[in-house]
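> here is my input, please return the structure:
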Amino acid sequence: MKAGFDVAKNETERICPNLPLSVTPDDKPNSPNRLDKLGASHARRFQRLRELADTEKEIQYQPRALNLITNDHSDLSSRLTDLGAFHADRFQRLGELYDLNEAIEYRSRAVEIATGRPDLPSRLADLGASYADRFQRLGNLTDIDQAIQHQSRALGLTPNGHTGLRSYLADLGSSFADRYQHLGELNDLEKAIKYQHRAVNLTPENHPSLAVDLANLGVSHSERFHRLEELDDLEKSIEYKSRGLSLTPDGHPDIPQHLANLGVSHTFRFQKLGKIDDLDKAIEHQRLALKLTPDGHPNLPHTLANLGASHSQRFHHLGDLGDIEKAIEYESRALNLIPANHLDLPHQLITLGTSYSGRFRRIGKLSDLEKAIEYQTRAVSLTPDDHPHLSDRLTDLGVSYYHRFQRLRELDDLDKSIGSQTHALTLTPNDHPDLPSRLTNLGISHSHRFQRLAVPDDLRKSTEYQLRVLALTPYNRSNLPTLPKDSNIFPRHYSQNIELVSGPLDPHLSKHTTNTHTHATTLSSAPCSSSKSTIPSTSPSVGSSCSIAPTARHGRQNKDPQDETKVGSNDSVTMALDEATDTGYPSLNYKHASSRPLSSSDRNYRVNVGSRGDGGGGVPVNEILETDNYKEPVLKGAPISKQMTAEEIISHLVVHGCQDLTTHVDHTTFGEHPISHGGFSDIYRGYLMNNTYVAIKTLRMSTSILTEDSKHLKHAARELHIWGKCDHPNVLHLHGLAVFRGRIGMVSPWMEGGNLPRYLEQTPRVERCNLCTQICNGLAYMHQIGIIHGDLKGANVLISNDGTPVLADFGNSLYPEQSMRFTATTSSNSLTVRWSAPELITESGAQSEASDVYALAMTIYEILAGILPYNGKREPAIIYLVVTKHQPPDRPDNIPAESKAGDKLWNMLLRCWSFEPEIRPSASGVANIMKAITPGDLSAVDVPMGLTTQTS
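Okay, here's the model as predicted:
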């Protein structure tokens, strides 16, 4: 170090050995040169010793030198360029806006006098980089427009093969990416990727900037995936970020940024594909990034926020309390590092508030709710009136006040909730997708205040808002009011991740600070930092009122992704998870950031009933087939097996009383395509010749294929035979079978109400205790005649046009006493985990009446609580809770502990969920208890109706 200092000192003395510069007159002919060289010497000594006093000397001498030369001086351009570079460099070191403004001034003058000169492209590129830096600092769109203009000119003047072409392309790509983040114009993102790809293609493998160029390209592909949701972009994002990381040497200061960005893309892929390994990798990368990020680093808040968001997501998918604890820890640390006047402080406040709110719903500590309100209140107070997310943040705050009103019953909280929601509604445009949700929430709140104060204006407003919701819903829409898909009543969490674009490895690399184009804000820190927000927030869902519980939140009425993991089956369908919770008042509904697409499910068909026209010429449905109460003959001979042909199996079924309706189907009334798909079946809707409205469930295989491999046909025959044994108002009626379009079809009434979850969405005020009782009656009947259902859950209960629930889907059913014989099957039963008894999960026991009763209790819970059993938890967590901990689902507030009926009901459910099958009551015993319980018995707390929170 001493040697370096001596070199710098000797150089200075060599420049001015005889006379101190301070006494040299400025008009001396050689003064400009001496001033310039002395300033340059101080700059070099600063590079060696990093003493800020040298930068002050440099500023003192070089501008004096510049002022002493004329506009036509041959050195003017180079000195302007040097001064601009000096101020730009000092801005990167110290972050002073003064230096950035000086850099732009000097570089602008250098461009003006460089017209027609060969160095004009480099001067334009330098000026564009400074405008880009000022845009990142101040957010003025004029600056990014200027940056793009100058960088485009530089690129246009640069021939192929020029050594500066790569950096010009990289800078221009970064500037287009910046503008995309602020304006959301897809064309800007396409140009960013175009130029960044060209830059990468021109960069040799050993070039020091390749790692950064790859990282930036990976971030842009991540952004395009966020916009277009094309998996190819996400895979490219991970590929380029991984390459960038692998090319960065150990110990390089960019390593933490590369790790953090790669973690963000793995988080995206987890959201897209639902593989928990991706989320685990994200957390692993982000933890390492945090470990390698020194205290005081400008990117530390981003890294902490990312890691907190990933833990929050894992909490909402696996339910491990440790994850939400970690989320709060990291988000709190991130918040503490954000300056009080930072533009993104409100976002981090609202994020941390949401995590506290999630923990409040998990463990019920009022102090967590108080923290949530504290942070959300601060966020709202710091949000400008014209901020696009103000209405979201107001809605969040209103939700939290509502929850505190539920807990403490203080009217002031309800007033504040209504105030926040009303303000949010005034900021919501008429075409906003969340308008129905906000109207519904506010109507519910006014309804509760009317109940407390009996002020007519509250009743009027409640009615007004609910009518507006109805007016916004098309008449023939299946969901009323409109429900965004994936809606639920579990606390929404902010899964906002920040992508950090590495600092430049060459002087022309532009860094960019970004925020997402939908509901997202970024954490921009010191001028030399850069970040990109990549994970979108979510939209709210609308809740509905009901007599016993909130509207069941199952999104689209297909199976839950976790529900599609089958016990003893390799068939698994992943779908978006709906998580829900419930309280004693109208519940506040949330939607997760999880954005995986829903897929259809094998067992989610609707078989509904009705008659065409007014039914005047039709025969009553239950009289058309003469198959009820048939006396079953005993068939002598071989059992039904997969070796039999379709015709042989059909003939066996007909002998056993299953009506062959092949000639009764009016084929002209059925659509060309099925109205619903399952894993192995399609559902068609139409009429029989006598105008009976029916559903036909067909195997997705022709009779010719089934003849070659008839295992599925044997299973269909077993289902038909068992189904045909049933004759009860709460069990779906089987009309018969038919050969339909070359397939074997099962014909049943068309159930107008759809499946149970869908019906509860459409009819929230239905008397749910009565629904439970009827379902119990249906199962008790099946057990009485010796049939085990084998797959009971809400999705397998259908609702007739008069609101009667009927058990359906007998593909897993067993009938030990059947006279019609079948060969032994080698296939495993296909069950959904959250309704499956522990002995089925562990394969220590077979399906039985006791396992049916276990599923029955889960279905009752599903109806009354309005949420899925073990809601918010994925298959591994459910198996652990059921098999290892013997832990039942959380008790919902609307099965109140403060009422005898609530305790009686809950204790009955606990007995149904006993780990020991022999302890469980019978289905008829459950039915008797349910008959004795009415909605009034469960009114110790008010009934939840469902409110919705927003994302910011």
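
> for the stretch 601-750 of the chain, give me the ranges with low pLDDT.
601-657, 678-680, 700-722, 724 (pLDDT under 70).

> got it, and the stretch 351-500 of the chain?
473-500.

> recalculate using a threshold of 80.
Along the stretch 351-500 of the chain, segments meeting pLDDT under 80 span 470, 473-500.

> mind listing the helices for it?
For the stretch 351-500 of the chain, applying DSSP state H, counting those that start in this stretch gives helices covering 366-382, 390-408, 411-426, 435-453, 456-471.

> now do the last one: which elements does it pack against?
Using 3 or more Cβ pairs under 8 Å, 6 or more residues apart in numbering; DSSP states H and E as the contact definition, the elements that helix 456-471 packs against are helix 435-453. Heads up, the C-betas are built off the backbone N, CA and C, glycines and all.

> report all helices and strands that the helix it packs on contacts.
helix 390-408, helix 411-426, helix 456-471, strand 947-948.

> ok, and for the longest one, which residues are buried?
Right, helix 390-408. For helix 390-408, the neighbour count (16 or more other Cβ atoms under 10 Å) marks 390-407 as buried.

> repeat that for stretch 349-366.
Within stretch 349-366, the residues scored as buried using 16+ other Cβ under 10 Å are 349-362.

> I'd like those as CSV, with distance to K191 appended.
Below are these laid out as CSV (distance: Cβ to Cβ, whole Å):
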residue, distance to K191
L349, 35
I350, 32
T351, 31
L352, 36
G353, 37
T354, 35
S355, 37
Y356, 41
S357, 40
G358, 39
R359, 43
F360, 45
R361, 44
R362, 45
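
> thinking again about what came up before, comparing the helices of the stretch 351-500 of the chain, which comes out most buried?
Greatest average neighbour count among these goes to helix 390-408 (a mean of 25), per mean count of other Cβ atoms under 10 Å.

> helices or strands next to that helix in the packing?
By 3+ Cβ pairs under 8 Å, 6+ apart, helix 390-408 packs against helix 345-363, helix 366-382, helix 411-426, helix 435-453, strand 588-591, strand 947-948.

> turn these into JSON lines, including distance to R834.
Formatted as JSON lines, those follow (distance: least, Cβ to Cβ, whole Å):
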{"stretch": "helix 345-363", "distance to R834": "18"}
{"stretch": "helix 366-382", "distance to R834": "26"}
{"stretch": "helix 411-426", "distance to R834": "33"}
{"stretch": "helix 435-453", "distance to R834": "27"}
{"stretch": "strand 588-591", "distance to R834": "20"}
{"stretch": "strand 947-948", "distance to R834": "24"}
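
> tell me the phi and psi of R227?
When quoted as degrees, to the nearest 10, the phi and psi of R227 stand at phi -80, psi -50.

> ok, for it, nearest residue in space, not its chain neighbours?
For R227, ignoring the flanking residues on the chain, the nearest one in space by Cβ to Cβ, 6 or more residues apart in numbering is L186 at 6.4 Å.

> where's F740 relative to V806, distance?
As for F740, its distance to V806 is 22 Å (criterion: Cβ to Cβ, to the nearest Å).

> what's the answer for L798, then?
In terms of Cβ to Cβ, L798 sits 5 Å off from V806.

> now for these two: what residues contact both?
L732, M751 (Cβ atoms under 8 Å, 6 or more residues apart in numbering).

> these two: which is more packed in?
L798 (29 against 26; other Cβ atoms under 10 Å).

> mind giving me the packing neighbours of the host helix or strand of that one?
Using DSSP states H and E, L798 falls within strand 797-799. If contacts are counted by 3+ Cβ pairs under 8 Å, 6+ apart, strand 797-799 sits against strand 754-755, helix 756-762, strand 805-807.

> residues in contact with it: which ones?
The contact list for strand 797-799, computed with Cβ under 8 Å, 6+ apart, reads 606-608, 732, 751-756, 759, 775, 805-808, 859.

> mind running it again at 10 Å?
For strand 797-799, contacts defined as Cβ atoms under 10 Å, 6 or more residues apart in numbering pick out 605-609, 695, 730, 732, 748-760, 762-763, 766, 771, 774-775, 778, 804-809, 859, 862-863.

> how far away is the closest residue to K236 other than its chain neighbours from S265?
Residue nearest to K236 in three dimensions, not counting chain neighbours: H221, with 4.5 Å by Cβ to Cβ, 6+ apart. Remark: distance between H221 and S265 (Cβ to Cβ) = 9 Å.

> that'll do, ta.
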